[in-house]
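A.B. asks: For reference, the sequence and a predicted model appear below.
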Amino acid sequence: MDVSIKNITDLQEEIARIRVIEAQQGTELAKRFSSPSAIFASVMSLLNSGNRNAGDDQPGIFNQDFFGLLSRIVLPVTLNKTLFKRSNFLVKTLVGLVSQKASNYISGDSIHGLWDTVKSTVLSVIKSKPEAPRKGGMPDVPPPVVM
């Protein structure tokens, strides 16, 4: 906003206007930090709004379910301790960043879907396995019962 100041009264009016705006912003800021719950709400709104772009559906860090939050910690630590054990700092940092992004796609629904897929595959393999004939080629017939 360009304000043209031509004389001392214009300057004084602009200073008064800026002081009124400063007082309004000061009271709003004081409201945001008046209690611990207000501070916590301010921090949460900053975290959630910082992770969302306009029209973006990816959840923020605290909008994930238990599996998503757990994968943010477990995935990078596991990869860096097993597969990338003797890697340098840059590789471990990249693994951490990529696994943080990948944790957005890990949720309880995706874990349950993966488990259902594995379970159905294993059951179909077990059911389709043909029964091997017993030795001797004779069917399994129970012995006669003698009374």
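C.D. replies: Yep, it's here. Numbers count the residues shown, from 1 in each chain.
A.B. asks: So this structure: which segments form each domain?
C.D. replies: Per automatic domain parsing, the domain ranges recorded for the chain read 1-53, 64-128.
A.B. asks: Tell me which of these sits nearest to Pro144.
C.D. replies: Closest to Pro144 of the domains of the chain is domain 64-128 (C-beta to C-beta; 32.4 Å). (Glycine included, C-beta is placed from N, CA and C.)
A.B. asks: Going along the chain, name the helices of this protein.
C.D. replies: Ranges of helices within the chain are 8-32, 36-50, 66-81, 89-102, 108-128, based on DSSP state H.
A.B. asks: pLDDT score for the most centrally placed residue in the chain?
C.D. replies: Centroid check for the chain by C-alpha atoms, centre = their mean gives Asn104 as the closest residue, at 3.8 Å. pLDDT for Asn104: 77.
A.B. asks: Need the winner for burial among the domains of the chain.
C.D. replies: Comparing the domains of the chain by mean neighbour count (mean count of other C-beta atoms under 10 Å), domain 64-128 comes out on top with a mean of 13.
A.B. asks: quick check, distance from it to the centre of its chain.
C.D. replies: Relative to its chain's centre, domain 64-128 lies at 12 Å (C-alpha atoms, centre = their mean, to the nearest Å).
A.B. asks: Just give me the lowest mean pLDDT stretch among the helices of the chain.
C.D. replies: The minimum mean pLDDT among these belongs to helix 36-50 (a mean of 71).
A.B. asks: Any chance you could give me stretch 80-89 in PDB, C-alpha atoms only?
C.D. replies: Extracted in PDB, the C-alpha atoms of stretch 80-89 (Å, rounded to 0.1, in the frame of the first residue of the first chain):
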ATOM      1  CA  ASN A  80      19.300 -47.400   8.200                       C
ATOM      2  CA  LYS A  81      20.200 -50.200  10.600                       C
ATOM      3  CA  THR A  82      19.800 -53.100   8.100                       C
ATOM      4  CA  LEU A  83      20.000 -52.300   4.400                       C
ATOM      5  CA  PHE A  84      22.000 -49.100   4.600                       C
ATOM      6  CA  LYS A  85      24.100 -50.100   7.700                       C
ATOM      7  CA  ARG A  86      27.500 -49.000   6.200                       C
ATOM      8  CA  SER A  87      26.300 -46.100   4.100                       C
ATOM      9  CA  ASN A  88      27.400 -42.600   4.500                       C
ATOM     10  CA  PHE A  89      25.600 -39.700   6.100                       C
END
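A.B. asks: No further questions, thank you.
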